[in-house]
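Participant: curious how this folds, go ahead:
(2 chains)
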Amino acid sequence: NAGVTQTPKFRVLKTGQSMTLLCAQDMNHEYMYWYRQDPGMGLRLIHYSVGEGTTAKGEVPDGYNVSRLKKQNFLLGLESAAPSQTSVYFCASTGAGGLSGVAFFGQGTRLTVV
Amino acid sequence: AQSVTQPDIHITVSEGASLELRCNYSYGATPYLFWYVQSPGQGLQLLLKYFSGDTLVQGIKGFEAEFKRSQSSFNLRKPSVHWSDAAEYFCAVGPDQAGTALIFGKGTTLSVSS
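Facilitator: All right, here's what the predicted structure looks like:
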C-alpha cells in the first residue's frame, strides 16, 4: 500500500548511543517532516525538507540531524541520545502543493532512552 | 505568535450523543485549518481541512467543522458518536512562519461510554 513507512517501530537506547530513524514515502512527495509527540504537548516539528538535498530546522531541532539524499527518504539521526529524547517520532509528507495537499503520516517510532 | 489551543484535554461522550471539540487559534491572517485523528498506536489521519470558501467543512467519518473568523475558532462536530470514534483529536493550523509546516494543538482525547 502507498504511504509513509517508518523504521524501526520501537527502539530502546542507552544514553549516549546513536541511531537513525528512516522514513520512506512512495508518493513522490516533495515535502517531508519529522515531528515528535510527547504527552500533553501535541506534535512539535523537529526538522523538515522541501525537496531532495534540502533540510531546515523546525521548532525543536537540538540534538537531531537529518538528511534527504533521496527524494523518497528522510532520515532522522540522534548522535548522542539523551533521556529527554524519549518520545514518539512521526514522519509526514505532502506533495508539491505543500500544505494545500493532504499530509500523510507514518505510524510512528516509539523511542525510549534509558 | 502563531498558536493553536484545544481547551479540553479529555472529553467523555455517550455513544449516540453529539460531539463538539473546540479549537482556537492565533494567527496573523486566515490560516489553513485542519483536524486530524489519532487512534491508539497509529499515525495521524486527516479528518478535514479548510482553506477558503464555505465555512462549514465536511470530512470523513461523518465529521464536520465550522470556521468562525470572528471567534478565531474551528470547532469539530459530529451529530452521533460511535464507540469507534474514541481517539485523540488534533487541530492544526498552517503554514508556520517558515511557510511549510503545520502547528498542532496539544490534542483532545475522546472517550465514548456505552
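
Participant: mind listing what the spatially closest residue to residue A:25 that is not a sequence neighbour touches?
Facilitator: Spatially, and ignoring its direct neighbours in sequence, residue A:25 is nearest to residue A:93 (4.4 Å; CB to CB, 6 or more residues apart in numbering or on different chains). Any C-beta I mention is one placed from the backbone N, CA and C, and that applies to glycine too. Residue A:93 sits next to A:4, A:23, A:25, A:27, A:29, A:31, A:32, A:33, A:74, A:103, A:104 when contact means CB atoms under 8 Å, 6 or more residues apart in numbering or on different chains.

Participant: run the last query once more with 10 Å
Facilitator: A:3-4, A:23-33, A:49, A:72, A:74, A:101-106 (CB atoms under 10 Å, 6 or more residues apart in numbering or on different chains).

Participant: now do the same contact list for residue 108.
Facilitator: All of this is about chain A. Under the criterion of CB under 10 Å, 6+ apart, the contact list for residue A:108 reads A:6, A:9-10, A:35-37, A:87-91, B:38, B:41-44.

Participant: chain B, not that one
Facilitator: So residue B:108 contacts B:6-11, B:21-23, B:76, B:87-91 (CB under 10 Å, 6+ apart).

Participant: try it again with 8 Å
Facilitator: B:6, B:8, B:9, B:10, B:11, B:21, B:22, B:88, B:89, B:90.

Participant: can you check residue B:6 too?
Facilitator: Listed by CB under 8 Å, 6+ apart, the contact partners of residue B:6 are B:21, B:22, B:23, B:89, B:90, B:91, B:105, B:106, B:107, B:108.

Participant: try 7 Å this time
Facilitator: Contact analysis of residue B:6 by CB atoms under 7 Å, 6 or more residues apart in numbering or on different chains lists B:22, B:23, B:91, B:105, B:106, B:107, B:108.

Participant: list just the nearest of the residues you listed to chain A.
Facilitator: residue B:106 (4.1 Å; CB to the nearest CB).

Participant: the closest one contacts residue A:42, doesn't it?
Facilitator: Yes - between residue B:106 and residue A:42 there is a contact under CB atoms under 7 Å: 4.1 Å.

Participant: tell me the pLDDT of residue 111.
Facilitator: The chain I'm using is chain A. Among the per-residue scores, residue A:111 shows a pLDDT of 97.

Participant: looking at chain B here, not the other one
Facilitator: In this model, residue B:111 is scored at 97, pLDDT.

Participant: before we move on, what about residue A:66?
Facilitator: 98.

Participant: helix/strand/coil for it?
Facilitator: Classification of residue A:66 using DSSP: H, G, I helix; E, B strand; the rest coil returns strand.

Participant: the nearest residue to it once chain neighbours are set aside sits in which helix or strand?
Facilitator: Nearest in space to residue A:66, with sequence neighbours left out and distances taken as CB to CB, 6+ apart, is residue A:47 at 4.2 Å. Using DSSP states H and E, residue A:47 maps to strand A:42-51.

Participant: tell me the gap between that strand and the middle of its chain.
Facilitator: 7 Å (CA atoms, centre = their mean, to the nearest Å).

Participant: each with direction, which strands does that strand pair with?
Facilitator: strand A:31-38 (antiparallel), strand A:54-57 (antiparallel) (DSSP bridges).
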